[in-house]
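> build me a model:
(chains A and B)
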Amino acid sequence: MSGYSAPHCGSLRAKDAGRDVELYGWVARRRDQGGLIFIDLRDRWGAIQVVFNQALSPSSHATAADLRSEYVVRVKGVIGQRPSGSENPRMATGEIEVAASELEVVNSSETTPFQIEDPDEPDEKTRLEYRYLDLRRPRMTRMLELRSRVNKIIRDFMDGSEFIEVETPILTRSSPSGARDFLVPSRLHPGSFYALPQAPQMLKQLLMVSGVQRYYQIARCFRDENLRADRQPEFTQLDIEMSFCDEEDVFGLIEALFSKLWHDVLGVDLTTPFPRLDIKESLLRFGTDKPDLRHDLEIADLGHVLAETKAQIFRGALDAGGVVRGLRVPGGRDMPRRDLDELVTVAKGAGGRGMAWLPGSSIDKFLTEAEIAGIKQATGAEEGDLVLLVADRKRKAETVMGLIRQEVARRRKLIREDEWKFLWINPTYLFEEDDQGKLTYAHHPFTRPFEEDMSFVEERPYDVRAHAYDIVCNGYELGGGSLRIYDPAMQERVFQLLGMPLETIRARFGTLLEAFTYGVPPHGGIAPGIDRIVMMLGGTDNIRDVVAFPKTQSMSDLMLGAPSELDAAQLEELHIQVVPPKKPT
RNA sequence: GGUCCCGUGGUGUAGCCUGGCCAAACACGCGGCCCUGUCAAGGCCGAGAACGCCGGUUCGAAUCCGGUCGGGACCGCCA
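Purely as a prediction, here's the structure:
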């Protein structure tokens, strides 16, 4: 028998009592009692206690005396019920143990940089430098298994819905819009570069022209943008595109898929359909496009109430075209000054001007009684409540209030941790303002507008709704997509509204537009992020926990030492000359 | 590009605000010895850090200041 087919340490149970087994694994713990030595032998499936008894097997006992943590060993013995009273209910294998008759040290181990079995998390830096050991920690092994399982459930589900998985290239072409590309120099084409895909967006639409009808791919995507706790430079999407579909088809498919995932992995039955929330309403009431609805705090607009106010901070913001927003904190009158100051720090940390509160923070005296009453009414504040106030440019005020809302909920333990609050952000809007106040597309230029809204596009372009949607859960954006334009006249109209010159359009989207002249079906899609789904199911708030070999915030791989410099010959072959960044003087 | 937090033996922390009692404490781990029912085993003994790095202030710095490197959270960014 090879170790490959040997029983798994962690899978043995009481029913296996009496079996002669040969086990392979790592020494998780060792308890040397003199004539009796216990070790917990760990493999991917768990751990089981092995007993070395000096009286019964002197040679294996002698070898066991030299065992240390993380030694790789082979043990032969017999599974037995533990003596009554010595069972360990905390172990899945706690009713039984292996009475060892033979022990071989397959490989010894140096003392590891951190203890594999220590419940304390080692420093992030150390974990990443020794990621192969970090992944040996049972918590991380479980995450790897979970991710694998999620992938399998997804593939089974998509296959069952008659989707086919198509692989698209990793070496592809730079798309001039969107995020920064990761680029790969071409040896055969001096001065030309491949780009890694930010998403297989154009290719999946082309596959619809190909007649694939139902496409999916568990697709790696690359974006050279700054990292966050839920963002890595390379990540994985469940990329989906389907023909002849409407929004309901997409929603139904995704709701069924998430229901299956949550049911199979967590045993949780989600309520469908998921509620839908207009993006503008979400930004107003929750200060974000990915609201956490596990608590009931809501933001109120106070512009109307304070229209005539003389209070300087509000007057200034409103006159500058900004907004004033308020958040009721139930029972918040007892909030310590220190907490309020920390919320101000949150506001300022997000680039906001600050935060005021009522009653208190010495703004009361600048507000009329009617204004205070109005604020109470608009926010729903009652006796004993506190109202937090932010005055700023609209976008900034929303961001700041959104952060404060979530922070208040967290600190005051208002979040119902056992809930799964899925929702669709839908509808969204076709256009938004760019930095220069010019019209630009909110999603991408193929997003299908609401037909009926196009009648007023000239007068109120920002009110034109789009068939686009994000799926959100507990404050995380789990994915987004849209129905695409397939009518050439509509497409032309949108390009025209965006003021995009013909040659720009042709350069960026020529392939797709040409393909669309050969019989394009109506189509649409969505791309849920698999990393974030696994984060949710795995109960972690950090994407690094669900990626086997992640990058640091500065995009380094501390284990491999990537990125690294290249030698001159490699650079020459690629026709690359490195120009070091100018040192600031 | 910006704001904030962190960096002390192998690991996790304390000390830092209020400089000297700190060549630095505790736990885990590590080395040795003892122990036949332990399971975060236990008992005894022992080794191990001049406090990321550079510079400054000071009679004196892990502690204060500046810079720098590294890790983390967030804003901008991520159509």
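> surely A:Thr272 and A:Ser259 touch.
Yes. With contact defined as C-beta atoms under 8 Å, A:Thr272 counts as touching A:Ser259 (6.1 Å). Using the backbone N, CA and C atoms, a C-beta is placed for each residue, glycine as well.
> which one of those two has more residues nearby?
Each of A:Thr272 and A:Ser259 has its neighbours counted (other C-beta atoms under 10 Å); A:Ser259 has more, 17 against 13.
> what strand or helix carries that one?
helix A:247-266 (DSSP states H and E).
> strand partners of the next helix or strand after that helix, parallel vs antiparallel please.
Next along the chain after helix A:247-266, taking DSSP H and E as the criterion, comes strand A:276-277. Next to strand A:276-277 in the sheet, as set by DSSP bridges, lie strand A:422-425 (parallel).
> ok, longest helix in chain A?
If you go by DSSP state H, chain A has its longest helix at helix A:138-160.
> how about that one: buried residues?
A:Met140, A:Thr141, A:Met143, A:Leu146, A:Arg147, A:Val150, A:Ile153, A:Ile154, A:Phe157, A:Met158 (16 or more other C-beta atoms under 10 Å).
> and the pLDDT for the fourth one?
Turning to A:Leu146, the model gives it a pLDDT of 97.
> and it, what does it touch?
Contact analysis of A:Leu146 by C-beta atoms under 8 Å, 6 or more residues apart in numbering lists A:Val265, A:Val534, A:Leu537, A:Gly538, A:Val546.
> do that again at 6 Å, thanks
A:Val534, A:Gly538 (C-beta atoms under 6 Å, 6 or more residues apart in numbering).
> kindly report the same for A:Gly321.
A:Gly321 touches nothing, counting by C-beta under 6 Å, 6+ apart.
> give me the distance between it and A:Arg395.
11 Å (C-beta to C-beta, to the nearest Å).
> and for A:Gly316?
Distance from A:Gly316 to A:Arg395, by C-beta to C-beta: 17 Å.
> do A:Glu459 as well
Here A:Glu459 is placed at a distance of 23 Å from A:Arg395 (C-beta to C-beta).
> likewise for A:Asp224?
To A:Arg395, A:Asp224 is 24 Å away according to C-beta to C-beta.
> what's the answer for A:Ala6, then?
Using C-beta to C-beta, A:Ala6 is found at 60 Å from A:Arg395.
> so where's chain A uncertain?
In the predicted model of chain A, residues A:1, A:176-177, A:361, A:582-585 satisfy pLDDT under 70.
> let me know the outermost residue of it.
A:Ala55 (54.9 Å; C-alpha atoms, centre = their mean).
> check contacts around that one.
By C-beta under 6 Å, 6+ apart, A:Ala55 has no neighbours at all.
> 8 Å instead?
Contacts of A:Ala55 (C-beta under 8 Å, 6+ apart): A:Gly35.
> again, but for the one 5 residues further on
With contacts taken as C-beta under 8 Å, 6+ apart, A:Ser60 has the following neighbours: A:Phe52, A:Val75, A:Ala100, A:Ser101, A:Glu102, A:Leu103.
> highest neighbour count among those?
A:Phe52 (30 neighbours).
> does it count as helix, strand or coil?
What DSSP: H, G, I helix; E, B strand; the rest coil gives for A:Phe52 is strand.
> report the two of the contacts of A:Ser60 separated the most.
Largest separation among the contacts of A:Ser60 by C-beta to C-beta: A:Phe52 and A:Glu102, giving 10.3 Å.
> A:Leu358 is in contact with A:Phe366, isn't it?
No. Under the criterion of C-beta under 8 Å, A:Leu358 is not in contact with A:Phe366, lying 11.0 Å apart.
> when the two are compared, which one has more neighbours?
A:Leu358 (21 against 15).
> residues touching the nearest residue to that one once chain neighbours are set aside, list them.
Among residues not flanking A:Leu358 along the chain, A:Val387 sits closest, at 4.5 Å (C-beta to C-beta, 6 or more residues apart in numbering). Counting by C-beta under 8 Å, 6+ apart, A:Val387 touches A:Gly326, A:Leu327, A:Arg328, A:Val329, A:Gly332, A:Trp357, A:Leu358, A:Ile375, A:Lys376, A:Thr379, A:Ala381.
> which among the residues you listed gets closest to A:Asp249?
Set against A:Asp249, the nearest of these by C-beta to C-beta is A:Leu327 (37.6 Å).
> for that closest one, give me phi and psi.
Backbone torsions of A:Leu327, given as degrees, to the nearest 10, read phi -130, psi 120.
> follow-up on the earlier one: who has more neighbours, A:Asp224 and A:Arg395?
Applying other C-beta under 10 Å to A:Asp224 and A:Arg395 shows that A:Asp224 carries more neighbours, namely 15 against 12.
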